[in-house]
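**Q** Mind folding the following:
(chains A and B)
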Amino acid sequence: GQQVMQIPQYQHVQEGEDFTTYCNSSTTLSNIQWYKQRPGGHPVFLIQLVKSGEVKKQKRLTFQFGEAKKNSSLHITATQTTDVGTYFCAGLMDSNYQLIWGAGTKLIIKP
Amino acid sequence: ETGVTQTPRHLVMGMTNKKSLKCEQHLGHNAMYWYKQSAKKPLELMFVYSLEERVENNSVPSRFSPECPNSSHLFLHLHTLQPEDSALYLCASSQQRGLGTEAFFGQGTRLTVV
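**A** Presented below is the predicted three-dimensional model:
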């Protein structure tokens, strides 16, 4: 079936280091959304990318959508403790308007 | 506060019990969703309602039964659950089903089946 693969599953970083998570779809996506879920919380929408090759920034966060609209990435520069949580991508399939979720990447800040 | 409220926040139930999860959205959205979130697995879409009509049922066992009496309320009725059904159940809503609309999630119900 249709899948969105997200890697890595976990990433441990020192505060101040960068963080990146990647999503890859087996099929072309209409758009891709990114969500953040804090520990013990619920997913919160961050951004949506629609156009091929699109790049969007939110302060230290940079989101990219691939030229083929099959992959996407989220990069955080100089992580802070407030960035801790799990980041999910969710791709919208053209065919059935269904959001297909990645398994998430958990960002852990080393003490 | 996301405008989507779920109750209860925590629920422990036996395998022979019947219980219901409730979701209410105050955003004027037309689509509502039930998701199951288990550890180390992607979010699993269970049911989708658009304008109070069920539009998707992703092979969910019949022991889960959704109900959408109006566009603001969504229920998930639980009956004869199994321990593997223990998970976080998330309700979400969006302006419409499909293209371009972000999902707003409730805080979830943490369900434990004993």
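**Q** What values do phi and psi take at the residue nearest to the spatial centre of chain B?
**A** By Cα atoms, centre = their mean, the mean C-alpha position of chain B lies nearest to residue B:34, the distance being 2.8 Å. Note on residue B:34: backbone dihedrals following degrees, to the nearest 10 are phi -110, psi 130.
**Q** shouldn't it be in contact with residue B:43?
**A** No. The criterion here is Cβ atoms under 8 Å, and residue B:34 misses it with residue B:43 at 10.7 Å. Quick note: C-beta positions are derived from backbone N, CA and C, even for glycine.
**Q** joint contacts of those two?
**A** residue B:90 (Cβ atoms under 8 Å, 6 or more residues apart in numbering or on different chains).
**Q** before we move on, back to that, could you measure from the residue nearest to the centre of chain B over to residue B:111?
**A** Using Cβ to Cβ, to the nearest Å, residue B:34 is found at 12 Å from residue B:111.
**Q** so what sits against both of the two?
**A** Contacts common to residue B:34 and residue B:111, judged by Cβ under 8 Å, 6+ apart, are residue B:89.
**Q** Just want the most central residue of chain A.
**A** residue A:89 (4.1 Å).
**Q** Could I get the contacting residues of residue B:44?
**A** B:35, B:36, B:37, B:38, B:58.
**Q** Would you mind checking these for buried ones?
**A** B:35, B:36, B:37 (16 or more other Cβ atoms under 10 Å in any protein chain shown).
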